[in-house]
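Student: A structural model of the following input is requested.
(one chain, ligands or ions: 1)
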Amino acid sequence: MDVARIGVVGLGAMGSGIAQVAIEAGFDVVGREVTAQLGDAAAGRVAHFLTRKVEKGQRTQDERDGAVARLRTTTDLDDLADCDLVIEAIVEELGAKRELFGRLEEICRPDAVLATNTSALSVTEIAAATSSPERIVGLHFFNPAPLMPLVEVVRAELSSDEAVATALAVVERLGKVAVPCHDTPGFVVNRILIPLLNDCVRVLDEARVTPEALDAAMTNGAGWPMGPCRLVDLVGVDVHVHASEALYEKLREPRMAPPPRLVAMRNAGLHGRKSGRGFYTYERG
Ligand code: CAA
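Tutor: Below is the predicted model:
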């Protein structure tokens, strides 16, 4: 199917990043948030990053203005009725996602493809909440979505060839690198990265090093673009703990389980960059 209009549900860090990538590639985007303030804030973030591209000579003012005009935000899910593809990027809770896909199935055209950006939940279990699981796939972007080239295109048990082909064609038009894979816990990258980051956090205590020292070790000794503590802060301590729990529940490997230190941080609201404090302290806004 030829996709012209994309719906994005949830305009947090991931959803607004996905919306940005889509409008830059020429798609019309309808972004849905629960309040108008959250929608406006997300549109403001997107406009800010596109303005920075103009300032740095990476885009013309006309390209920036055209892209910004292609993003419309709404609080009404019914406004996604005309979308050819909807990408869900809401909270990582299976129940909430299943309920949302049930509603999207009623609202969207029968030929529209419905995708989830879940990090570690089962796409098949989300699709099973609908009566049209064949049109449901995973489209897993990486944080920050405008900067990270990869998108995992996840085929669930009942995804149709057409839905997967549509998703792959969209990823290509977005200028991203698609890696098609099957619906297994953590897919490709998180299956490897999440236990690795958990190991890194355990090493903090075992080797008695600071987050700064661990990050310096991994950037200078292993060539990582950013250290593991800064990366967990970027991903979000809450998101990382949740993904760890989801993987541990499915695979039962001890390394998948979130280290107690991260669980304590999550419980204390130290969620990383977005909350202003995690392993490091950040300026808000
Ligand atoms: N959205 C949009 N644009 C952004 C942005 C964002 N969130 N963050 C930064 N930018 C833009 C800014 O305009 C910035 O330029 P200015 O500062 O001049 O305004 C520009 O991008 C470049 O930003 P940086 O200087 O910070 O870029 P960098 O060269 O230092 O690279 C990085 C940053 C790409 C994040 C790099 O450090 C990196 O690759 N880190 C590893 C990230 C990673 O591993 N991500 C995957 C996490 S796992 C995951 O996401 C899976 C999951 O399911 C949890």
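
Student: which residues of the stretch 101-250 of the chain lie near the ligand?
Tutor: Neighbours of the ligand within the stretch 101-250 of the chain, by Cβ under 6 Å from any ligand atom: 119, 142-144, 146-148, 190, 193, 225-226, 231, 235, 239, 243. Backbone N, C-alpha and C define where each C-beta goes, glycine included.

Student: need the nearest residue in space to T219, chain neighbours excluded.
Tutor: G227 (5.3 Å; Cβ to Cβ, 6 or more residues apart in numbering).

Student: show me what contacts the one you found?
Tutor: Taking Cβ atoms under 8 Å, 6 or more residues apart in numbering, we find G227 in contact with 211, 214-219.

Student: using CSV, please lay out those together with pLDDT and neighbour count.
Tutor: As requested, those are arranged in CSV below (pLDDT from 0 to 100; neighbours: other Cβ atoms under 10 Å):
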residue, pLDDT, neighbour count
P211, 98, 19
L214, 98, 20
D215, 98, 21
A216, 98, 13
A217, 98, 17
M218, 98, 20
T219, 98, 15
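
Student: can you say which of the residues of the stretch 101-250 of the chain next to the ligand are buried?
Tutor: Buried by 16 or more other Cβ atoms under 10 Å: 119, 142-143, 146, 190, 193, 231, 235, 239, 243, out of these.

Student: from those residues, which is closest to L100?
Tutor: For these, the minimum distance to L100 (Cβ to Cβ) is 15.9 Å, reached by S119.

Student: not counting sequence-adjacent ones, nearest residue to that closest one?
Tutor: The shortest distance from S119 to any non-neighbouring residue, by Cβ to Cβ, 6+ apart, is to A243 (4.8 Å).

Student: state the distance from the one you found to Y282.
Tutor: In this view, A243 and Y282 are 21 Å apart by Cβ to Cβ, to the nearest Å.

Student: three-state assignment of V154?
Tutor: Following DSSP: H, G, I helix; E, B strand; the rest coil, the label given to V154 is strand.

Student: number of nearby residues for the nearest residue to it once chain neighbours are set aside?
Tutor: Distances taken as Cβ to Cβ, 6+ apart put G138 closest to V154, at 2.8 Å, once the chain neighbours are dropped. By the criterion of other Cβ atoms under 10 Å, G138 has 30 neighbours.

Student: am I right that G138 is in a helix?
Tutor: No - read with three-state DSSP, G138 is strand and lies in no helix.

Student: so where is the protein shaky, pLDDT-wise?
Tutor: Low-confidence segments of the chain (pLDDT under 70): 285.

Student: longest helix of it, counting residues only.
Tutor: The single longest helix within the chain, with elements called by DSSP state H, is helix 36-55.

Student: hmm, that helix touching the ligand?
Tutor: Yes - Helix 36-55 reaches the ligand (Cβ under 6 Å from any ligand atom) through 49, 52.

Student: how far does stretch 208-223 sit from its chain's centre?
Tutor: In terms of Cα atoms, centre = their mean, to the nearest Å, the centre of stretch 208-223 is found 26 Å from the chain centre.

Student: just stretch 108-120 next, same as before
Tutor: For stretch 108-120, the distance from its own C-alpha centre to the chain's C-alpha centre is 13 Å (Cα atoms, centre = their mean).

Student: got the end-to-end distance for it?
Tutor: 25 Å (Cα to Cα, to the nearest Å).

Student: what's the answer for stretch 252-262, then?
Tutor: Its start and end residues considered, stretch 252-262 measures 18 Å (Cα to Cα).

Student: cool, and stretch 179-190?
Tutor: Taking Cα to Cα, the first and last residues of stretch 179-190 lie 13 Å apart.
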